[in-house]
Every structure is written in C-alpha cells, then in structure tokens.
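Novice: no sequence on this one, just coordinates:
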Ligand SMILES: Cc1ncc(COP(=O)(O)O)c(C=O)c1O
C-alpha cells in the first residue's frame, strides 16, 4: 500500500481549525449533534468486545428498511463508510487490478484503489452534461479484468442522482460482465424525490455502503456499514475487519443503534431543514451572476462554479474568502477538479451562517475581479 494524505483531509475544517472559521460551508453533513441531543445514556453499558460483525440490533435496524429481503446477516458494521470503502478496496483489489470509478467522487473511493496501485479507468462527469452518469459510456470502460465499478449515489460533490432504471441497468451491466458494483449510498436517505433501492438488495453482485455521519450528524462515532448478499465475500470482509481491529467500538455502536431508533422523526425533521437551506441556496444562485450550478437532487452539497467567462483571480478568491471573510468551502482541487468549482455544504450551517457564507462568497468574488 502506498498511503498519501488527501487534500480533502489535510485541508478539512477540523484540521484547519474550527475556531478560524465563522461561516463553515465546507461540510457534507447536517449539523453535528451531541449525546444530550440524542438522549443517549451509556452509564450501564458494559465495555466488552462486541460481536465481530457489529451490534446485532444495529445490523437489524440497518437491514430491515433496506428492503429486498436483506437481513442482519448481510450487514457488516465498519469504522464509518470510509472504513467500509477501505475493506472493500483492499479485499477486491490487488496491485494492477482494474476497476472503473466515477470522478469526481468522495476522495477515498479513488485514493484507496490508488494506494493499492490498482489500474483505474475514470468516468469523468461534466458540468455540461449535468454531472449525469452515462451508463453506456461507463459500460464501455469495463473489461474482462475489471473487479468492480464504483459509483456514489446521491453523488458527492454534485448532489446529482441517477434514475432507478439507470441503477437497475448498471446492476445488469455488472452482472453480465461478471464483476461487482460498489454503490456509496452515504447520502441515500437525504434524496429529495423517492429513494433509490439499496443496491445490495438488487443483486448479490452489488455492495452498498453507508453510515450515520452525514444524515444523522454524528460522524464522531465513526460508525458505518457495508451490505452484501454474497455470503462468501462477506466472510472475507469480516476477516479484513477482524485483522484491522477485531470488532468495532461498543460505545459507538450503541450510540448508533439508539440514534437509528429515532430514524423516522429525524428524517422528517432533516428533510424539512434541507429544503429550507436549498431555497436559500437557489435564491442566492439566481442573483449571483458570477456563478452557475446544476441544482442538486439529494444530499446536502452542491458543486457550483465561477462562470468561465468571469475574470476572477481564483487563488485570490479563496485567499480572501478564508483570510478576510473567515468562510470555508470545499475547493475543486479536493475533488481533482478545476478550482473554479467549489463544493458548498448547505446542511451544516445554521440559516444565518449559510446566508452569511454566501454573502462572503459574493463579496470575495468581486474583490478578486481582475
Ligand atoms: C460519499 C461519501 N462516502 C463516504 C464518506 C465517509 O464518511 P464516514 O466515514 O464519516 O462515514 C463520505 C464523507 O464525506 C462521503 O461523502
């Protein structure tokens, strides 16, 4: 493995220093919550080694709403979605193995295969095509050597979402090619229309990944999971998890279990807040002639760009934004894209902070005009 730190982690707000940021528009989750917010009391929890697969109640509560006959046995609890992606990458790939990855993407989906020195073919999404995944083009990248195809739905950083028929076509494509499909579903429960089916429910060749970090605002517990109906593969995933850390933290998994028990009410609440934030973002975009965007269809991020014809000094813009306006966004280079793009997270800031941050972007753009 060749580990290299990713810009999105090196420059993350927690590494930069939360105290240096007034308007934090760089997060890809809803606002972080405390134990008191969750109403969790852990005083009687015995700190034993947990079940290696993960808290049985948690696995049950993850599997049931996923549908398609998925059960707790199809769930492996991991150290966040990031831990799941690492286990999947290191299990399915060896140096020189081929995979297909959609780009841009959440950085780990690209960087772990790179660290393994796998041979990656990218399907590059473009602003001009509305960041849509073209299934035919993707299918053409698959070769007899391909181990898996990796997509994120809803997509990070653009917030785009494929149709259910496209997802089903993609499943059929990997089945006929004899490879696998990895769907990073970390934002699934924050889709604006209906939810896509959980990919693992559609085929034993599909693996789903998710966590509590984004929709539930509790990334600090580092609890996520992968889902697959392929039992043999699941045993290998479990072997990987046992070698990394035997089992997960029973503290984290108990908190996760209790947070998920309040799922219905929480999702309704979060859904309402996201729509309010989206309305603010939409109104700002409509009045900001230096920027353009593809409106998101799910999640809490979007990926607008500074219009190509706008004479903005982009490096100066980012300097002003952070140094003079204490405002933080996710610049395009976090996603191997032009820095004219920026990921704006609408779910983490309060309404006032979102408005303040958007005003700061407008001001910095004008101050950086050549
Ligand atoms: C698409 C996606 N997958 C996975 C992760 C990792 O999240 P976590 O490990 O906190 O669950 C992130 C975090 O930004 C993400 O955006």
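Specialist: That came through, no problem. All figures in this text were calculated on a predicted structure; none of them were measured in a lab.

Novice: OK, contacts around the closest residue to residue 71 other than its chain neighbours?
Specialist: On the basis of CB to CB, 6 or more residues apart in numbering, the spatially nearest residue to residue 71 that is not a chain neighbour turns out to be residue 63, at 5.3 Å. Quick note: C-beta positions are derived from backbone N, CA and C, even for glycine. For residue 63, the contacting residues are 70, 71, 72, 74, 75, 227, taking CB atoms under 8 Å, 6 or more residues apart in numbering as the criterion.

Novice: out of those residues, which end up buried?
Specialist: By neighbour count, with 16 or more other CB atoms under 10 Å, those hold 70, 72, 74, 75, 227 as buried.

Novice: so which of these are in strands?
Specialist: Among these, the members falling in strands (DSSP state E) are 75, 227.

Novice: ok, of the buried ones among the contacts of residue 63, which one's closest to residue 148?
Specialist: residue 227 (14.8 Å; CB to CB).

Novice: pull the contacting residues for that closest one.
Specialist: Going by CB under 8 Å, 6+ apart, the list of residues near residue 227 reads 62-63, 66, 70, 74-76, 198, 200, 207-210.

Novice: let's see it at 6 Å
Specialist: Residues near residue 227 by CB atoms under 6 Å, 6 or more residues apart in numbering: 74, 75, 200, 208.

Novice: quick check: the second one touching residue 226?
Specialist: No: judged on CB atoms under 6 Å, residue 75 makes no contact with residue 226 at a distance of 7.6 Å.

Novice: mutual contacts of these two, please.
Specialist: Common neighbours of residue 75 and residue 226 (CB under 6 Å, 6+ apart) do not exist.

Novice: what is the neighbour count of residue 362?
Specialist: 16 (other CB atoms under 10 Å).

Novice: relative to the ligand, which residue of the stretch 51-200 of the chain is the closest?
Specialist: Of the stretch 51-200 of the chain, the residue with the smallest distance to the ligand, taken as CB to the nearest ligand atom, is residue 80 at 2.5 Å.

Novice: ok, now which ones touch that residue?
Specialist: Residue 80 touches 211, 222, 224, counting by CB under 6 Å, 6+ apart.

Novice: setting aside sequence neighbours, what's the nearest residue to residue 57?
Specialist: Closest residue in space to residue 57, ignoring its immediate chain neighbours: residue 257 at 5.1 Å, by CB to CB, 6+ apart.

Novice: for the helix or strand that neighbour falls within, packing partners?
Specialist: Assigning secondary structure by DSSP states H and E places residue 257 in helix 250-261. In terms of contacts (3 or more CB pairs under 6 Å, 6 or more residues apart in numbering; DSSP states H and E), helix 250-261 is packed against helix 56-66.

Novice: the helix it packs on close to the ligand?
Specialist: No: judged by CB under 6 Å from any ligand atom, helix 56-66 stays clear of the ligand, getting no closer than 13.1 Å.

Novice: how far out from the middle of the chain is that helix?
Specialist: On the basis of CA atoms, centre = their mean, to the nearest Å, helix 56-66 is displaced by 20 Å from the centre of the chain it belongs to.

Novice: domain ranges for the chain?
Specialist: Structural domains annotated on the chain: 7-28+264-367, 43-261, as defined by automatic domain parsing.

Novice: ends of the longest one, how far apart?
Specialist: End-to-end distance of domain 43-261: 19 Å, with CA to CA, to the nearest Å as the criterion.

Novice: what's the answer for stretch 142-149, then?
Specialist: For stretch 142-149, the first-to-last residue distance is 8 Å (CA to CA).

Novice: what are the buried residues along it?
Specialist: Buried positions in stretch 142-149, judged by neighbour count with 16+ other CB under 10 Å: 142, 146, 147, 148, 149.

Novice: please apply the same query to stretch 298-308.
Specialist: With burial defined by 16+ other CB under 10 Å, the residues of stretch 298-308 counted as buried are 298, 299, 300, 301, 302, 303, 304, 305, 306.
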